[in-house]
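Q: sequence and predicted structure below; questions after.
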Amino acid sequence: MNPASYTGGCLCGHIRFIANGPPQNPHACSCEFCQRHAGAPSLCWVEFAKDDVAWTGPGGEPVSYTHLTLPTTPYV
């Protein structure tokens, strides 16, 4: 059996990705920073190992943003 693949990216299509394998470490957050980032009362996400993600859109790999109190996070 082949491992699962997941695709996604930004609305304009400039940043696209394919993630292979099972998603890990599901999160949910409703802090003010995540509310602003998502434009919603809460935000949910999963993680994949860096080697399991291929950036396929014309924008390539997104830049990372370091919040003063949060870890470095690539935003898609």
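A: Perfect, I can see it now.

Q: quick one: the strands in the protein?
A: 5-9, 16-20, 24-29, 43-47, 53-55, 64-65, 73-74 (DSSP state E).

Q: export those to JSON lines and tack on mean neighbour count?
A: For glycine as for every other residue, the C-beta is placed from the backbone atoms N, C-alpha and C. Below are those laid out as JSON lines (neighbours: other C-beta atoms under 10 Å):
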{"stretch": "strand 5-9", "mean neighbour count": "13"}
{"stretch": "strand 16-20", "mean neighbour count": "17"}
{"stretch": "strand 24-29", "mean neighbour count": "10"}
{"stretch": "strand 43-47", "mean neighbour count": "14"}
{"stretch": "strand 53-55", "mean neighbour count": "16"}
{"stretch": "strand 64-65", "mean neighbour count": "10"}
{"stretch": "strand 73-74", "mean neighbour count": "14"}
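
Q: in CSV: those, plus distance to residue 35.
A: Formatted as CSV, the strands of the chain follow (distance: least, C-beta to C-beta, whole Å):
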stretch, distance to residue 35
strand 5-9, 21
strand 16-20, 24
strand 24-29, 9
strand 43-47, 7
strand 53-55, 25
strand 64-65, 16
strand 73-74, 15
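
Q: weakest of the ones you listed in terms of mean pLDDT?
A: Ranked by mean pLDDT, these bottom out at strand 73-74, with a mean of 56.

Q: nearest residue to residue 9 other than its sequence neighbours?
A: residue 16 (3.7 Å; C-beta to C-beta, 6 or more residues apart in numbering).
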